[in-house]
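Peer 1: Give the three-dimensional model of this entry:
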Amino acid sequence: MSRRSEAKQAAAAEQPACTLENTYETEGAKHGEDQGHRRRIIKRYRVMGMHFDVDRRYSLIDVVGRGAYGVVCAARDEESNSLVAIKKITNAFEHTTYTKRTLREIRLLRLLQHENIIGVRSILPPLHRDGFRDIYVISDLMETDLSSIIKSPQPLTDEHIQFFLYQVLRGLKYLHTSNVVHRDMKPRNLLVNSNCDLKICDFGLARVDFAETSSRVAAMTDYVATRWYRAPEVIMGWKSYTKALDMWSVGCILAELLGRRPIFPGSDSQNQLMLICEYLGKPPRELVAKVRNEAIRSFVTNEIPDTPPIPMHELYPDASEDACDLLTNLLAMDPAKRFTVEQALEHKYLEYLHCPRDEPCGPVISRDEFNFERTAITIEELKQEILHEIELYHQAEPPRPTAEGKDDLAEEFDKLQSK
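Peer 2: You can find the predicted model right below:
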């Protein structure tokens, strides 16, 4: 690296992540337009080479996340004197698949308001209704994610693992009773605060399992879950999947909490399946018969050795008997025999936390909310649907995340630590 390059990098490192460039006032509503287009004072920040245009009530602090979708910044809401996260979804209308994913996530997060699911506080109205490309979503600010905690040197007690797992299952119960399959459960999508509060995020791959698509909702697209947390029925290409694929992912997360590393870190789909079978044994014939792809069926039949499963207590000798038993039932090869979220919550490993009255079921979701998933639709039509979602947050009574059960959860964790 040249000295000039090093100097540029050093100078960039000294620059604040979020720089306020200027403040300006929008033109406001023209004759006949609604109040959503009233004059607004906007702060323009420079963040990682791009503009961040937010209402003046928000003061950006730092970048806390980045990805293919855009950038997430921590900010202070000066009106409520609280910290929030602002996600800028850039070029949200470039591709139909990407636009559908954005609409799916913001609609689900409006409909699903639960303590263990990330809450959307608001979505900023576009500065120009016709030509806008970016979306700014205001949500709860969380300090880290479970993946970072697992990789850190911070000790994790059995009580911590129980409490994290309980909150994951509590949030999943709410989802599954609303017939929502998350389809991308992994430590990175579990946000955590310093007081151990946990929230499930990233609903872009989620699907609602309506009656006419029961037991096959997840087969709508080829991509289901990050590989290391992908259920064997998905890897083997079954004709249909169920909510059980989320429970497999939860099992992988529990194993990672116990061992501080992924249990099945496959390098590709074949290697992923080999690792699973190395630990859990070769799938029985009746499961292999459900594989649609002849090449995959041949690989499982002829290439995977017929070895017995390894007991979980041998893989995790420091884990309790109850933890190993729950893990065994979550990582059942047959999804029909895999624990449901209700069975997992009722397991002895979580008996000090399980409280049925504080584990609410989710709402019934109308099929009409997700017509865009089943019909041909243009990007412009999707854009209008997203505009409708944004407008809902600026009505007299906008949707608000609930905090029901928070005190009960804190009491349960205190009780668990003192047992």
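Peer 1: Doesn't residue 22 lie inside a helix?
Peer 2: No - going by DSSP: H, G, I helix; E, B strand; the rest coil, the assignment for residue 22 is strand, not a helix.
Peer 1: Could you double-check that it sits in contact with residue 44?
Peer 2: Yes - the pair residue 22 and residue 44 qualifies as a contact (C-beta atoms under 8 Å) at a distance of 5.3 Å. No exception for glycine: its C-beta is placed from N, CA and C like everyone else's.
Peer 1: Which residue is the nearest non-sequential neighbour of residue 85?
Peer 2: In this structure, residue 85 finds its nearest non-sequential neighbour in residue 141, 4.5 Å apart by C-beta to C-beta, 6 or more residues apart in numbering.
Peer 1: So that neighbour versus residue 200, what's the distance?
Peer 2: 16 Å (C-beta to C-beta, to the nearest Å).
Peer 1: Kindly report the same for residue 80.
Peer 2: Taking C-beta to C-beta, one finds residue 80 at 24 Å from residue 200.
Peer 1: Those two - which one has more neighbours?
Peer 2: More neighbours surround residue 200 than the other of residue 80 and residue 200, with 24 against 10 (other C-beta atoms under 10 Å).
Peer 1: So in terms of bridging, what pairs with that one?
Peer 2: residue 117, residue 190 (DSSP bridges).
Peer 1: Let me see the contact set for it.
Peer 2: 116-118, 168, 171-172, 175, 182, 185, 189-191 (C-beta atoms under 8 Å, 6 or more residues apart in numbering).
Peer 1: Would you mind listing the buried residues in the longest strand seen in the chain?
Peer 2: Secondary structure of the chain per DSSP state E: the longest strand is strand 58-67. Neighbour counts over strand 58-67 (16 or more other C-beta atoms under 10 Å) mark 58, 60-61, 63-64 as buried.
Peer 1: Counting neighbours, what do you get for residue 320?
Peer 2: Residue 320: 16 neighbours (other C-beta under 10 Å).
Peer 1: ugh, wrong one, I meant residue 197
Peer 2: 19.
Peer 1: Make 29 the starting number, not 1.
Peer 2: Sounds good: first residue 29 from here, last item residue 225.
Peer 1: my guess is it contacts residue 198, does it?
Peer 2: No - assessed by C-beta under 8 Å, residue 225 is found out of contact with residue 198, at 11.5 Å.
Peer 1: Residue 79 looks like it's in a strand, true?
Peer 2: Yes - assigned with three-state DSSP, residue 79 falls within a strand.
Peer 1: if I pick it, what's in contact with it?
Peer 2: Going by C-beta under 8 Å, 6+ apart, the list of residues near residue 79 reads 49, 72-73.
Peer 1: Of the residues you listed - the most surrounded one?
Peer 2: That'd be residue 73 among the contacts of residue 79, by other C-beta under 10 Å, with 22 neighbours.
Peer 1: quick one: that residue and residue 50 touch, right?
Peer 2: No - Residue 73 is beyond contact range of residue 50, at 9.4 Å (criterion: C-beta under 8 Å).
Peer 1: Please convert the buried residues of strand 86-95 to a markdown table, extending it with pLDDT.
Peer 2: Formatted as a markdown table, the buried residues of strand 86-95 follow (pLDDT from 0 to 100):
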| residue | pLDDT |
| --- | --- |
| 86 | 97 |
| 88 | 97 |
| 89 | 96 |
| 91 | 94 |
| 92 | 92 |
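Peer 1: residues contacting the residue nearest to residue 344 when sequence neighbours are not counted?
Peer 2: Leaving aside its sequence neighbours, residue 344 sits nearest to residue 286 (C-beta to C-beta, 6+ apart; 4.7 Å). Contacts here follow C-beta under 8 Å, 6+ apart; on that basis residue 286 touches 189, 344, 346-347, 351, 355.
Peer 1: Take these and keep only those in helices.
Peer 2: 189, 351, 355 (DSSP state H).
Peer 1: didn't the first one look like it was pressed against residue 283?
Peer 2: Meaning residue 189. No - if you go by C-beta under 8 Å, residue 189 and residue 283 don't touch, sitting 10.6 Å apart.
Peer 1: For those two, list the residues in contact with both.
Peer 2: Joint contacts of residue 189 and residue 283 (C-beta under 8 Å, 6+ apart) do not exist.
Peer 1: out of those two, which sits in the busier spot?
Peer 2: residue 283 (23 against 18).
Peer 1: and the more buried one, what element?
Peer 2: In this assignment (DSSP states H and E), residue 283 forms part of helix 272-287.
Peer 1: repeat for residue 204
Peer 2: Going by DSSP H and E, residue 204 is in helix 186-205.
Peer 1: circling back: out of the contacts of residue 286, which are buried?
Peer 2: Buried members of the contacts of residue 286, counted by 16+ other C-beta under 10 Å: 189, 344, 347, 351, 355.
Peer 1: of these, closest to residue 115?
Peer 2: residue 189 (28.9 Å; C-beta to C-beta).
Peer 1: ok, residue 394 to residue 139 distance?
Peer 2: 9 Å.
Peer 1: ok, and for stretch 308-325, which residues are buried?
Peer 2: So stretch 308-325, judged by 16+ other C-beta under 10 Å, has buried residues 308-311, 315-316, 319, 324-325.
Peer 1: OK, contacts around the closest residue to residue 214 other than its chain neighbours?
Peer 2: Spatial nearest neighbour of residue 214, chain neighbours left out: residue 257 (4.7 Å); criterion: C-beta to C-beta, 6+ apart. Going by C-beta under 8 Å, 6+ apart, residue 257 touches 212-214, 276-277, 280-281.
Peer 1: what helix or strand is the closest residue to residue 302 other than its chain neighbours on?
Peer 2: Using C-beta to C-beta, 6+ apart and skipping residues adjacent in sequence, the residue nearest residue 302 is residue 332, 6.5 Å away. For residue 332, there is no enclosing helix or strand under DSSP H and E.
Peer 1: Residue ranges of each domain in the protein, please.
Peer 2: According to automatic domain parsing, the chain comprises the domains 44-169+407-420, 172-388.
Peer 1: Show me how far the longest one is from its chain's centre.
Peer 2: A distance of 14 Å separates the centroid of the chain from that of domain 172-388, by C-alpha atoms, centre = their mean, to the nearest Å.
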